[in-house]
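Participant: what would the 3D arrangement of this be:
(3 chains)
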Amino acid sequence: MDELLFLQDEVVPALLKGLRVSILLIVPSAFFGLFIGILVGALRVYGSRPVVFAADIYVTLFRGIPLVVQLFIWYFGLPYLGIYLSPFTASIVGFSLCSGAYHSEYIRGALKSIKRGQMLAAQALGFSKFQMVVSVILPQGLRRALPGCGNEIIYLIKYSSLAYMVTCIELTGEAKILASHSFKYTEVYLAAGGFYLGLVSIAGWILHRLERRVAIPGFEHHRG
Amino acid sequence: MESEPILVVENIKKAFGPRVILKGVSMAIRRGELKVLIGPSGAGKSTFLQCINFLVTPDAGEIRLEGRPIHHSRKRELYAYRQQVGMIFQDFNLFDHLTALDNVMIGLVRVKGMDRKSARERAMAEIERVGLKEHAGHYPAQLSGGQKQRISIARALAMDPKVMLLDEPTSALDPELIGEVLAVIRDLVANGMTMVMATHQIGFSRAMANEIIFMEDGLIVEQGPPSVILSDARCERTKEFCSKITELYGEAS
Amino acid sequence: MPEGIAAILNALPYLLQGSFVTIVVVIGAMALGLVMGVPFAVGQVYGGPIVRRVIGVYVWFFRGVPLLVLLFLFYFGLCSLLDINLSAFTVAIIVLGSISSAYQSQIFRGTILSLPEGQLKAARALGMSDTRAIVFVIIPQALRLSIPAWSNEYSIVLKDSAVTYALGVAEIMARTHFVATRTYQHLPLYLAAGVIYLLLTYLGVKALRMIESGTRIPGYTR
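Facilitator: Purely as a prediction, here's the structure:
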């Protein structure tokens, strides 16, 4: 009985408070990350040589360096250059840039998989390069990239817990505080895990629906 | 010729869901006989062969080897039985991660528990028998289709089978490679191996088979010596099919 | 900036010791993930409905809960609840390994399913039991085909190992932070840590590629 009361009166309210912060971290990061990913992905396919080179370096660095290190650079490192970010901002910057690098890989692969004939047909109709990208290539490419990008967003949900390490108190942070005050570590962390499982499952369900919704008959997503 | 058949298959039935593949097929084969199964695709030849060594579990029916019924639910009995019944597949199914020699050895070492040295000698003997001594160290992906099939025959022979089942052993091969595999099979017939073989090689069957069995829609329509089935069949469907494949696959080889 | 470079040079031996800890954690976790992942994959492909369900829940749990939460749960929660005394180092390997086993099981499951059905049939036709067929025919092929995905998994586990700093494992990240708070050279030191991780990724991927070409089956392309 005590356990249930504790759960109802302390754990759930605290975790809901943390959940709110987590969602405030995840949603903008997913949005910015996707935006960066599409931009960088397109540049890596259609950009000039120096641009492709620069974009490749960005992707190598942000995929190769652990996210914790990146967060520490934004939060603890930037003050070295006189730039001070709040834990919340540093987390969003870190998540967006890292996530964008991963997204760009899926976007790039998807864009490259689009048949040359599609572009020739657009050019034959008199499309400019920009018009062609926006109205022919991206609608096809984004559909192909959707499973990969969706997966990346699910990773983002889980990795948002790392914001705690730069003192941004979100779901994991709230759980940590509550656990060390109440000494009920197992219960509290299991509950927090449950919240994340919920988030991940909901996101997975939405992405699955979205994939089905935008599916074009006969247009293969997974393999040719 | 002995009176007792070595392998008796009785009233085998098999359905995959609502699709009935075998509607009760029986067969008895004596030592040293070659029986050839013919029939259109979808007739159930392949399922029938796979039922004989329980790669596909029949829904009903009985199988007796040398008079003893096989209980396929008893694992040990099943494994022991399968060692005595060699199987040759249409698409070879050599183990892709093993050399030709290791493919022939693996059954001896892992199933028969033979020591590696004697297994190696035995495997080499079988590989020589199918004429591929110099290819023993090659991997399946380095062999031609005909060579793969000959190795797979060596793999089956190494287990000292009492009966061999051959499921269209030449139909995945390029025409110029069919001859080498048929030559090996002909050699087996000459040495008295008991075999059931599904094939469309009419010329081969006419020359080598003791009996041809024509199957259609999961049933045996007609069976008899090649001379009867191929030239003088009673059943209209048999005649029609035989003339069609004779036209397609010719009388050669 | 010169102070930064000096700080990096001074800290380098200390950080490289940390790399050693990181490598041991990563290898331990990958090995644990392999040892658990292979039977899980086999269970998911060949097991009965109950086995598949149980493994499915395991995979769902370890793929859905963040690493940091699992580290806290195991280290502060389960260890004291079950009254076992494990070091942060051990817990780090167990947690990273358990997560990796969930991901690795999905890698192996995919490669097992990609093998032609005839391989198992041919093994059965020789009179092999299913267990033997899986051990001697299926797994050797599936493991080879898994190496490219494995090198990806390695780079993920390597990066994830930086999170074990939260438990105080004396790996690269923990040591970098320790030096940074004393020297106030945060930016240069974290950048140096980043470079070390990039190098470790590169070396590991290279090593796995060598293993891949060393175990390659001649003529076999997929």
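Participant: got any ranges where chain A has weak pLDDT?
Facilitator: A:1, A:218-224 (pLDDT under 70).
Participant: can you map out the helices along it?
Facilitator: Taking DSSP state H to define them, one finds helices in chain A at A:2-6, A:12-46, A:49-64, A:67-72, A:87-113, A:116-124, A:129-132, A:138-159, A:171-182, A:185-214.
Participant: next one: chain C
Facilitator: C:2-46, C:49-64, C:67-72, C:79-81, C:88-114, C:117-125, C:130-133, C:139-160, C:172-183, C:186-214.
Participant: hey, least reliable of those by pLDDT?
Facilitator: Comparing mean pLDDT across the helices of chain C, the weakest is helix C:79-81, with a mean of 83.
Participant: packing partners of it?
Facilitator: On a contact count with 3 or more CB pairs under 8 Å, 6 or more residues apart in numbering or on different chains; DSSP states H and E, helix C:79-81 meets helix A:185-214. C-betas here are computed from N, CA, C, even on glycine.
Participant: report the buried residues of the helix it packs on.
Facilitator: Buried residues in helix A:185-214, counted by 16 or more other CB atoms under 10 Å in any protein chain shown: A:185-193, A:195-197, A:199-200, A:203-204, A:207.
Participant: deepest of the helices of chain C, which one?
Facilitator: helix C:67-72 (a mean of 26; mean count of other CB atoms under 10 Å in any protein chain shown).
Participant: up against chain A, what does chain C have?
Facilitator: Taking CB under 8 Å from any CB of the partner chain as the contact definition, chain C meets chain A at C:60-61, C:64-70, C:72-73, C:76-78, C:80-81, C:155, C:158-163, C:165-166, C:173, C:176-177, C:180, C:185-188, C:190-191, C:193-194, C:197-198, C:201.
Participant: can I get the helices of chain C in TSV including distance to B:Gln201?
Facilitator: Listed next are the helices of chain C as TSV, based on distance: least, CB to CB, whole Å:
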stretch	distance to B:Gln201
helix C:2-46	37
helix C:49-64	44
helix C:67-72	61
helix C:79-81	69
helix C:88-114	33
helix C:117-125	22
helix C:130-133	31
helix C:139-160	32
helix C:172-183	67
helix C:186-214	42
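Participant: C:Cys165 reaches C:Ala193, doesn't it?
Facilitator: Slight slip there: residue C:165 is Tyr, not Cys. No. Look at C:Tyr165 against C:Ala193 with CB atoms under 8 Å: they stay out of range, at 10.4 Å.
Participant: backbone dihedrals for B:Val221, please?
Facilitator: phi -90, psi -40 (degrees, to the nearest 10).
Participant: what do you get for B:Lys35?
Facilitator: Residue torsions, per degrees, to the nearest 10, at B:Lys35 are phi -110, psi 130.
Participant: surely it and B:Met197 touch.
Facilitator: Yes. B:Lys35 lies in contact with B:Met197 (CB under 8 Å); the separation is 7.3 Å.
Participant: higher neighbour count, the two?
Facilitator: Using other CB atoms under 10 Å in any protein chain shown as the criterion, B:Lys35 and B:Met197 rank with B:Met197 on top: 27 against 21.
Participant: is the closest residue to chain A within chain B in a helix, a strand, or coil?
Facilitator: Closest residue of chain B to chain A, CB to the nearest CB: B:Asp96 (21.2 Å). Three-state call for B:Asp96 (DSSP: H, G, I helix; E, B strand; the rest coil): coil.
Participant: how about low-confidence regions in chain B?
Facilitator: For chain B, residues meeting the criterion pLDDT under 70 lie at B:1-3, B:250-253.
Participant: cutoff 90 now
Facilitator: B:1-4, B:41-42, B:75-76, B:96-97, B:110, B:202-203, B:227, B:230-253 (pLDDT under 90).
Participant: pick out the residue nearest the middle of it.
Facilitator: Here the mean C-alpha position of chain B is nearest to the C-alpha of B:Leu166 (CA atoms, centre = their mean), at a distance of 1.6 Å.
Participant: residues in contact with that residue?
Facilitator: B:Leu49, B:Ile88, B:Ile185, B:Met195, B:Val196, B:Met197, B:Ala198, B:Thr199 (CB atoms under 8 Å, 6 or more residues apart in numbering or on different chains).
Participant: in helices only, show me the residues you listed.
Facilitator: B:Leu49, B:Ile185.
Participant: pick out the most distant pair among the contacts of B:Leu166.
Facilitator: Greatest spatial distance among these (CB to CB): B:Leu49 and B:Ile185, at 14.9 Å.
Participant: those two: which is more packed in?
Facilitator: Counted by other CB under 10 Å, B:Leu49 and B:Ile185 do not tie: B:Ile185 has more neighbours, with 25 against 22.
Participant: quick one: the more buried one and A:Val11, what's the gap?
Facilitator: Relative to A:Val11, B:Ile185 is positioned 74 Å away (CB to CB, to the nearest Å).
Participant: same thing with C:Met36?
Facilitator: 31 Å.
Participant: can you give me the strands for the stretch 51-200 of chain B?
Facilitator: Under the criterion DSSP state E, counting those that start in this stretch, strands of the stretch 51-200 of chain B are mapped to B:60-65, B:68-69, B:85-88, B:163-167, B:194-198.
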